[in-house]
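Engineer: A structural model of the following input is requested.
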Amino acid sequence: DRVIALTEGQGISIGTPPEGLEKMPVDPIDVVDGPGLPPLWQVFGGHKRSSGHWSLPELAVQVASPDAALHIGPQFVILETAAADAAARAAETDTLQGLSSHVMFLARGKTGPFRVDTRVLPGAGGTIAVRATLYDEGAGGKAVTASSYVFGRMEETR
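Structural biologist: Prediction:
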């Protein structure tokens, strides 16, 4: 009954899978949407540090892809959460709506914990742009994923 997101992606093969790694069987779970569900950032173990940075904990099997790297799902969620939080603080309101996003994977996150740095950029016509970068602190602070988001103020309805 509602659109949660429109996504678009592109991938490339970066090598041959390790010997013994077989195609994983599809094991769908039935989740009923409702107000009692926790936010996705919480499901993936994300939290906001006292420094103001959003982060994910050290890599665990629950959030890893088959090649033992941080799965794209938690990356998308924590980056968008951090960007929306930064935009809301800059706009001094949480009545913002995402208008556009772009995510580029730079390297595999193999260790963690993972930290998101954000930078708010002023936009035109009341929009707010945010650049967010995910770093693998356990791998010397290596940049893992770079992203950008544009938010706009929601129209008030009466």
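
Engineer: is residue 26 in a helix, a strand, or coil?
Structural biologist: coil (DSSP: H, G, I helix; E, B strand; the rest coil).

Engineer: ok, it to residue 128 distance?
Structural biologist: 38 Å (C-beta to C-beta, to the nearest Å). Placement of C-beta: from N, CA and C, glycine included.

Engineer: these two: which is more packed in?
Structural biologist: Each of residue 26 and residue 128 has its neighbours counted (other C-beta atoms under 10 Å); residue 128 has more, 23 against 5.

Engineer: tell me what the more buried one is bridged to.
Structural biologist: Assessed by DSSP bridges, residue 128 has beta-bridge partners residue 122, residue 151.

Engineer: one more: the one 5 residues further on?
Structural biologist: With DSSP bridges as the criterion, residue 133 is bridged to residue 117, residue 146.

Engineer: need the helices for this protein, in chain order.
Structural biologist: Secondary structure of the chain, counting by DSSP state H: helices at 40-43, 72-91.

Engineer: what's the most buried one of the ones you listed?
Structural biologist: With neighbours defined as mean count of other C-beta atoms under 10 Å, the helices of the chain peak in mean count at helix 72-91, which reaches a mean of 21.

Engineer: so how far is it from its chain's centroid?
Structural biologist: Here the centre of helix 72-91 is set off from its chain's centre by 7 Å, with C-alpha atoms, centre = their mean, to the nearest Å.

Engineer: with just CA atoms, put that helix into PDB.
Structural biologist: C-alpha atoms of helix 72-91 as PDB (Å, rounded to 0.1, in the frame of the first residue of the first chain):
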ATOM      1  CA  ILE A  72      25.400  -3.800   1.000                       C
ATOM      2  CA  GLY A  73      22.100  -3.700   3.000                       C
ATOM      3  CA  PRO A  74      23.600  -2.500   6.300                       C
ATOM      4  CA  GLN A  75      25.700   0.000   4.300                       C
ATOM      5  CA  PHE A  76      22.700   1.500   2.500                       C
ATOM      6  CA  VAL A  77      20.800   1.800   5.800                       C
ATOM      7  CA  ILE A  78      23.500   3.300   8.000                       C
ATOM      8  CA  LEU A  79      24.500   5.800   5.300                       C
ATOM      9  CA  GLU A  80      21.000   7.000   4.700                       C
ATOM     10  CA  THR A  81      20.300   7.200   8.400                       C
ATOM     11  CA  ALA A  82      23.400   9.300   9.000                       C
ATOM     12  CA  ALA A  83      22.600  11.600   6.000                       C
ATOM     13  CA  ALA A  84      19.000  12.100   7.100                       C
ATOM     14  CA  ASP A  85      20.100  12.900  10.700                       C
ATOM     15  CA  ALA A  86      22.700  15.400   9.400                       C
ATOM     16  CA  ALA A  87      20.200  17.000   7.100                       C
ATOM     17  CA  ALA A  88      17.500  17.200   9.900                       C
ATOM     18  CA  ARG A  89      20.000  18.900  12.200                       C
ATOM     19  CA  ALA A  90      21.000  21.400   9.500                       C
ATOM     20  CA  ALA A  91      17.400  22.200   8.600                       C
END
